[in-house]
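Student: I'll drop the sequence and a predicted model, then ask my questions.
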Amino acid sequence: MSNVSPVESKSTPIAPFSKVVEPLLLLAPAGIWLALLLVIPTLLIFQLSLVPNIKPGDVVNPSGLDNYWRIFQPDILRVVGRSLLFATGTTISCLLLGFPVAYWIAIMAPKRWRNLLLLGFILPLWTSSLLRSYAWISILRPTGVLNTLLATIGLPTLDLLNRTQAVYVGMTYSLLPYMVLILYASLEKLDRQLLEAAADLGATPQQAFWKVTVPQTLPGIAAGTLLVFITGLGDFVNPELLGGNSSMTAARLIYNQFLGATQNWGFGSALSMVLILAVSVAIALLIKYGGEDAKSF
């Protein structure tokens with residue numbers, strides 16, 4: 001004869017039901033938020049990307065992919081290529097500048113100063129990117145701070161504003177703190193005993209750096225590289241204010257399709273979807289190869 005009471009036997013089917021409902025209730029607020037602010041707007045952009053900009057005499061592709069085929073035109077590919085070039089160049093410069101700084105703060109700087117030094121890199125992020133770009137305009141313009149200083153010490157002045165060099169300077173300045181913070185988080189967890197063991201075995205500092213330090217910090221390097229590349233790919237302010245008309249990027253082109261004189265929402269939406277896809281792939285790589293350093297940011 002079974003020892004299970006009738007009350008217990010009636011309550012057992014409720015347990016699996018509660019295991020399904022309770023997680024859904026906990027995830028519902030975030031799910032609704034993501035659906036309203038991410039999924040639905042992305043679907044609307046995709047729908048707009050299939051709407052052609054019809055003009056009298058135009059032959060419309062019934063598949064609705066005219067806007068996507070237009071991306072492969074040479075002038076549009078040059079704009080997309082320039083965006084990739086800006087993002088790649090900025091990523092390389094941030095890595096070359098940020099790794100020595102992060103290494104010095106994490107390994108060589110006194111512990112009592114590390115938080116203060118990190119705060120110094122975070123402080124610019126508290127200021128609007130628009131204000132930071134205008135500050136660089138005042139520095140790089142022909143009569144700005146840089147040329148005034150160069151003329152004072154007898155050196156030739158530089159014409160940097162409204163050129164690609166100014167865009168690289170502004171983007172590197174804006175994104176360098178992200179690289180330094182992620183690399184610092186990775187270098188702080190460096191196993192010092194491996195460095196000591198490498199020195200005991202006769203390795204030079206250069207050999208220890210490439211064979212011990214770099215392999216241990218590869219997840220941080222991957223996370224910082226992908227994060228800076230993703231942010232640089234969609235940067236609008238620095239190319240717009242520092243690069244002039246010769247530095248058209250994908251973000252600026254999308255802006256012109258929606259709010260500029262072109263007013264071609266279909267093509268702007270198609271270009272936005274391609275940019276969203278590229279960023280999504282980069283984020284997937286960031287999550288896969290960035291490790292805990294990527295997830296912490």
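Tutor: Okay, I see it. Residues are numbered from 1 along each chain as shown.
Student: could you break this structure into its assigned domains?
Tutor: 6-49, 66-295 (automatic domain parsing).
Student: tabulate these (JSON lines), appending mean pLDDT.
Tutor: JSON lines is the format used below for these (pLDDT from 0 to 100):
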{"stretch": "domain 6-49", "mean pLDDT": "75"}
{"stretch": "domain 66-295", "mean pLDDT": "85"}
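Student: burial of residue 209, as a residue count?
Tutor: 14 (other Cβ atoms under 10 Å). In short, each C-beta sits where N, CA and C put it, glycine included.
Student: swap that for residue 87, sorry
Tutor: 24.
Student: that one reaches residue 233, doesn't it?
Tutor: Yes - under the criterion of Cβ atoms under 8 Å, residue 87 makes contact with residue 233 at 4.3 Å.
Student: how about the residue nearest to the spatial centre of the chain, nearest residue that isn't a chain neighbour?
Tutor: The centre of the chain sits closest to residue 231, judged by Cα atoms, centre = their mean, with a distance of 2.4 Å. Closest residue in space to residue 231, ignoring its immediate chain neighbours: residue 175 at 5.7 Å, by Cβ to Cβ, 6 or more residues apart in numbering.
Student: which residues sit in contact with the one you found?
Tutor: If you count contacts by Cβ atoms under 8 Å, 6 or more residues apart in numbering, residue 175 has them with 90, 94, 228, 231, 232.
Student: what's around the first one, how many residues?
Tutor: Around residue 90 sit 28 other residues, with neighbours defined as other Cβ under 10 Å.
Student: residues of the host helix or strand of it that come out buried?
Tutor: Element membership for residue 90 (DSSP states H and E) is helix 74-103. Buried residues in helix 74-103, defined by neighbour count with 16 or more other Cβ atoms under 10 Å: 79-80, 82-84, 86-87, 89-91, 93-95, 98-99, 101-103.
Student: I figured residue 93 hits residue 172, correct?
Tutor: Yes - in this structure, residue 93 is within contact of residue 172 by Cβ under 8 Å, at 4.7 Å.
Student: any buried residues in the strand or helix carrying residue 26, and which?
Tutor: Assigned by DSSP H and E, residue 26 belongs to helix 14-34. For helix 14-34, a neighbour-count test (16+ other Cβ under 10 Å) marks nothing as buried.
Student: ranking the domains of the chain by burial, who's on top?
Tutor: domain 66-295 (a mean of 17; mean count of other Cβ atoms under 10 Å).
Student: how close does the nearest residue to residue 276 once chain neighbours are set aside get to residue 273?
Tutor: Excluding the flanking residues, the one nearest residue 276 by Cβ to Cβ, 6+ apart is residue 42, at 6.7 Å. Distance from residue 42 to residue 273, counting by Cβ to Cβ, to the nearest Å: 8 Å.
Student: before we move on, back to that, now the residue nearest to the centre of the chain: how far from residue 90?
Tutor: Remark: distance between residue 231 and residue 90 (Cβ to Cβ) = 9 Å.
Student: do the same with residue 77
Tutor: From residue 77 to residue 90 the distance is 20 Å (Cβ to Cβ).
Student: how about residue 288?
Tutor: In terms of Cβ to Cβ, residue 288 sits 22 Å off from residue 90.
Student: which residues touch residue 173?
Tutor: 124, 132, 136.
Student: try 7 Å
Tutor: residue 132 (Cβ atoms under 7 Å, 6 or more residues apart in numbering).
Student: for the one 3 residues further on, same thing?
Tutor: Contacts were defined as Cβ under 7 Å, 6+ apart; by that measure residue 176 touches 94, 97, 98.
Student: state the next helix or strand along the chain beyond the helix or strand encompassing residue 44.
Tutor: Residue 44 is part of helix 40-49, with elements assigned from DSSP H and E. Under the assignment DSSP H and E, the closest C-terminal helix or strand after helix 40-49 is helix 66-70.
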